[in-house]
Structures are given as C-alpha cells and as structure tokens.
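Undergrad: Sequence first, then the predicted structure, then my questions.
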Amino acid sequence: MKLQCDVEVVNRMLPSFGMKSRGKGLRAVVSIGKHVDKTTQRSNIYMMICTAKDRAGSKYKLRDNIEKFFTWFVEEGKATVRLKEPAVDICLSRADAHSLKNFLSAARLADRGSDASSLPLSTLTPVRARDVEQPKRKLAIVSRKDYPFTSNFPYSLEQLQVSYCKLSLVDMRMLSLKALRKLDLSNNHIKKLPATIGDLGCLAELVLHNNHLETFSEALCLSTLQKTLQHLDLSQNRLQSLPAQFCQLRGLSNLKLDDNKLVCLPFHIGRLSKLRFLSAAHNQLTLLPEDFRKLSLENLDLFGNPFPQANSLDHVLQLKFPLPLQELASRAVVNLRIPYGPHLIPAHLCRELEVTKSCTCGRICISYFVRTAVSMNLHQVSHTVVLVDDMGGTNAPVQQHFCSLTCYSQFLDNCLQKGLR
C-alpha cells in the first residue's frame, strides 16, 4: 500500500522544549509494508515515509503503536496518524481522498495485528526522485509543437493554458483535471464547448478569447459552474446570442463579450448580482434588456455598438382586448407570488413565467405588453463607464414594458410634463 501526498512529521515533545514544528509538509511517498528488524530478526509491519531529501525513508512501527486517527477532513485529502512511540503526529495532506481512506484502513488493520496476508503491503524500498517531486500546479503551452499528444496532463494541475495550438475541439483529457481552477484556451479554433466542462467542480476562470464559438450551451449554465465560475472571457468569437439560462452563472464577477455578433444581452442579466466588470464592446447591440438596471458594476464598456437615439413614442404594441385567460392567470401567479413548478403546471408555462416583464405600475406582464425604449445614463449602474460612442456619450437605450395602454399613456404624460419643465 502506497500513498503519494504531502507529509509533515510533528514531534509532540517540541513544545515542552519551547520549540515549534516547521509547519509545512513535504511531498512524499508513504508506504505500508513488512520489514525484518536486524536486531531481533523479527518481522513487523511498518509505515515508511520517503521524501526528496530522504529517499531511503524513515520507518515507524504500526502494530499496537497507533494512539489515534484524526480523519475529520479525509474528504479533502487530509488526515493525521498519532503514534505512541516515537511521540509524533504524521500529518498527511494533498492526498487523493479515496486512496487516503484505503491507506488509513490498512494502517488501522496493521495496528490491530491483522494477518499480514490480508493486508495490501508494499515493498519498503527507496523511491525514485520523480515519485517525490512536488506536483505540478501550473502549465502553459503556447505552441503546437509543445502540445502533449502522447502523454497526459499532470493530474494535479490547477492552472492550464493551451494557446496558439489550432485546437478545434476541447481535449477531453483536460476535463479529467478535477483540481483545475483556471482553464485558458484562448487563440485556438474551438467552435463548440463540451457540456462536460461543467464537471470541473473547482473551475473559477474560463478564458476562450479569440476562438470560433457560435453558441454557449444551456447545459454549461446549469452545471456546477453556477457556483464556481467567476471570470469568463468569450471575447472575439462568433456569438450572436446567449441562452436565457446564462444568468444562472451567478458567481460571475468578470464577464468579457467584446468583438462578437451579439444582438442582445441575456434577458435576466440583472440576476448576476456579483458581476462587477462587464465588457461587451463592438457587438450589434441596439437595446439593453430591462433587467440591466439591476446591475451594480465597477466598470462597464459598451463602446462600438450601434445604439440608436431612444424615442419613447416609438413602441411595439403587443396587446389583445380582452387579454387571454392564460395571460391573466400567469400575471396573477407572479403578482400574488403563487408557488409554481413543472410538478404543478406544464413546463412550457414555467419557462414563460421565467421571462416576466415589470411595468412602471409595479405589476407584471408576460406575453402581452407595450414595449418602448428609454434612455439611461450608464453611470446609474456602473462607477466607471467607457464612452458609448465617439461623441462622448454615456447613455444607452433600455427596454421598458407596460402592462396596459393606460400605463403607457401615463408614462408619456410624465415624459411630456418633464419636458415642459
């Protein structure tokens, strides 16, 4: 039984001499195996710890010699084995959780004096230098000739950059790197992202700058990325829209969408409550969603979009008289905060209720409304604003919905009165 992990051996007698332990583990291979004591010629089971400085290893007897196991954080790859003689604590960390559990089980059996034939024992021999090297945390590949076509990526990677390698697909080997926190695939030819990127449970930063992406899948928006993803760079791609589910990525604090073909931003973008940096320059945006008003940003860049001058008299009338029963019922469900879900009503009605529009009167409309655009100074939602155009403006048109002609008329009257003042 062998385990690769970080190890710190803490002598419990040090505090009595006014001394402290070093407090930092070394990369090591920890083995459990049989060893013959040259003095007594008796065979016993030992734990051997080999590090880069001590590849021959230090041995510790296990039978009737373990005082206690500390396993509160075993799921995080951490545990401590307290020995009676010598009085040391063997602190294990950065281990694979499953392997660590098996190792501790074997140590426990050895302590109880179980039959050696029932234990997964290893040969207690010196290790190779590469076995005790510190695991690689970062890797940058910026040339196709350096790409590992025949070897795997180090399993311990936390940051991986693969750029200028002409990749048209995401290498599935990258998706087995469970410790990955940053994945940079910029400057490639990737057209589509696999949904399994969402299985990278630690991924906080995803950089896809300058690729050929045409879509961003709904599956990614509903994956574990909802909680982990903080930085997303989709600039210089071919995106025309983002799915409504995109706003489920509620951990986002930095979003880059520059130089795409976006004609609109996600309807519920205001749900990205942690978003602080938004850049969507040089797209095809003509109107911002109504939910845009809910953002609270530090920096906003919408330069180079063809925003027209907002005119509240220009409107889209999407009303029926009288309103259909489904619209009335849907409005009542939302306005009265009646619980709903696919177990109560059809799924397509649930989807409609997810894209409700707010009227100036405070009520909700769903599929029937009057829509116009109003001018908004972007400083209302961001501390710093890059100029929207070459004329020095910081205003942009934002959607405004009205649940009835009455509300729309009152809005126009208010605009007229303000204009007269």
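TA: Everything's here; your move. Small disclaimer: the values here were computed from a predicted structure and weren't measured.

Undergrad: Extract the C-alpha set from stretch 158-168 and format it as CSV.
TA: Taking Å, rounded to 0.1, in the frame of the first residue of the first chain, the C-alpha atoms of stretch 158-168 are listed here in CSV:
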residue,chain,number,x,y,z
GLU,A,158,-4.7,23.9,-11.0
GLN,A,159,-4.0,26.3,-13.9
LEU,A,160,-3.7,25.2,-17.6
GLN,A,161,-3.1,27.4,-20.6
VAL,A,162,-3.2,26.0,-24.1
SER,A,163,-3.0,28.8,-26.7
TYR,A,164,-2.0,29.0,-30.4
CYS,A,165,-2.3,25.2,-30.8
LYS,A,166,-5.0,25.3,-33.5
LEU,A,167,-7.4,23.2,-31.4
SER,A,168,-10.8,22.8,-33.0
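
Undergrad: my read is residue 247 is in a helix, agree?
TA: Yes: counting by DSSP: H, G, I helix; E, B strand; the rest coil, residue 247 falls inside a helix.

Undergrad: Kindly give the local confidence score, pLDDT, for it.
TA: Note on residue 247: pLDDT of 92.

Undergrad: just checking, it touches residue 266?
TA: Yes: under the criterion of C-beta atoms under 8 Å, residue 247 makes contact with residue 266 at 5.1 Å. In short, each C-beta sits where N, CA and C put it, glycine included.

Undergrad: so how far is residue 222 from the closest residue to residue 113 other than its chain neighbours?
TA: Take residue 113 and drop its neighbours on the chain: the residue closest to it by C-beta to C-beta, 6 or more residues apart in numbering is residue 63, 5.3 Å away. Distance from residue 63 to residue 222, counting by C-beta to C-beta, to the nearest Å: 52 Å.

Undergrad: same check, this time on residue 142
TA: 33 Å.

Undergrad: Where does pLDDT dip in the stretch 1-150 of the chain?
TA: Within the stretch 1-150 of the chain, the ranges that satisfy pLDDT under 70 run 17-23, 37-41, 116, 118, 131-133.

Undergrad: all strands for it, in order.
TA: For the stretch 1-150 of the chain, the strands defined by DSSP state E, counting those that start in this stretch cover 2-11, 26-36, 43-51, 58-61, 66-70, 79-83, 88-93, 138-141.

Undergrad: on contacts alone, who are the packing partners of the fourth one?
TA: Same thing as strand 58-61. With contacts defined as 3 or more C-beta pairs under 8 Å, 6 or more residues apart in numbering; DSSP states H and E, the packing partners of strand 58-61 are strand 43-51.

Undergrad: contacting residues around the strand it packs on?
TA: Among residues not part of strand 43-51, those counted as contacts by C-beta atoms under 8 Å, 6 or more residues apart in numbering are 7, 9, 26-37, 56-63, 81, 90, 107, 110, 116, 119, 121, 124, 126-127, 131-132.

Undergrad: now swap in stretch 117-134 and tell me
TA: So stretch 117-134 is contacted by 1-2, 4, 26-29, 31-35, 45-46, 48, 50-52, 55-57, 59, 102, 106, 109-110 (C-beta under 8 Å, 6+ apart).

Undergrad: which residue packs closest to residue 76, ignoring adjacent ones?
TA: According to C-beta to C-beta, 6+ apart, the nearest residue to residue 76 is residue 97 (7.1 Å).

Undergrad: Isn't that neighbour up against residue 79?
TA: No: between residue 97 and residue 79 there is no contact under C-beta under 8 Å: 9.6 Å.

Undergrad: ok, the two, which is more surrounded?
TA: residue 79 (23 against 13; other C-beta atoms under 10 Å).

Undergrad: contacting residues around that one?
TA: By C-beta under 8 Å, 6+ apart, the neighbours of residue 79 are 69, 70, 71, 73, 92, 95, 100, 104.

Undergrad: The first one: neighbour count?
TA: Okay, so that is residue 69. With other C-beta under 10 Å as criterion, residue 69 counts 14.

Undergrad: who's in contact with it?
TA: 79, 80, 81, 82, 104, 107, 108.

Undergrad: Could you identify the buried members of these?
TA: By neighbour count, with 16 or more other C-beta atoms under 10 Å, these hold 79, 80, 81, 82, 104, 107 as buried.

Undergrad: Now the two most distant members of these.
TA: 82 and 104 (12.3 Å; C-beta to C-beta).

Undergrad: What segments of the stretch 301-421 of the chain are strands?
TA: Under DSSP E, counting those that start in this stretch, the stretch 301-421 of the chain gives strands at 315-318, 357-358, 364-365, 369-377, 382-386, 395-402.

Undergrad: model confidence over the second one, on average?
TA: Strand 357-358 carries an average pLDDT of 88.

Undergrad: List the strands paired with it, with their directions.
TA: In the sheet, strand 357-358 lines up against strand 364-365 (antiparallel) (DSSP bridges).

Undergrad: do the longest one as well
TA: When sheet partners are counted by DSSP bridges, strand 369-377 sits next to strand 315-318 (antiparallel), strand 395-402 (antiparallel).

Undergrad: just those: most buried one?
TA: Among the strands paired with strand 369-377, strand 395-402 has the highest mean neighbour count (mean count of other C-beta atoms under 10 Å), at a mean of 21.

Undergrad: can you state the direction angle for it and strand 382-386?
TA: If you take axes from the mean of the first three to the mean of the last three C-alpha atoms, to 10 degrees, strand 395-402 sits at 130 degrees to strand 382-386.

Undergrad: what residues does strand 395-402 touch?
TA: 286-290, 292-293, 302, 305, 307-310, 312, 357-360, 365, 369-378, 388, 408, 411.

Undergrad: For it, the averaged confidence score.
TA: The model assigns strand 395-402 a mean pLDDT of 92.

Undergrad: What is the nearest of the contacts of residue 79 to residue 321?
TA: Nearest member of these to residue 321, counting by C-beta to C-beta, is residue 73, at 64.8 Å.

Undergrad: okay, now the closest one: neighbour count?
TA: 12.

Undergrad: Could you do residue 175 as well?
TA: So residue 175, with other C-beta under 10 Å, has 16 neighbours.
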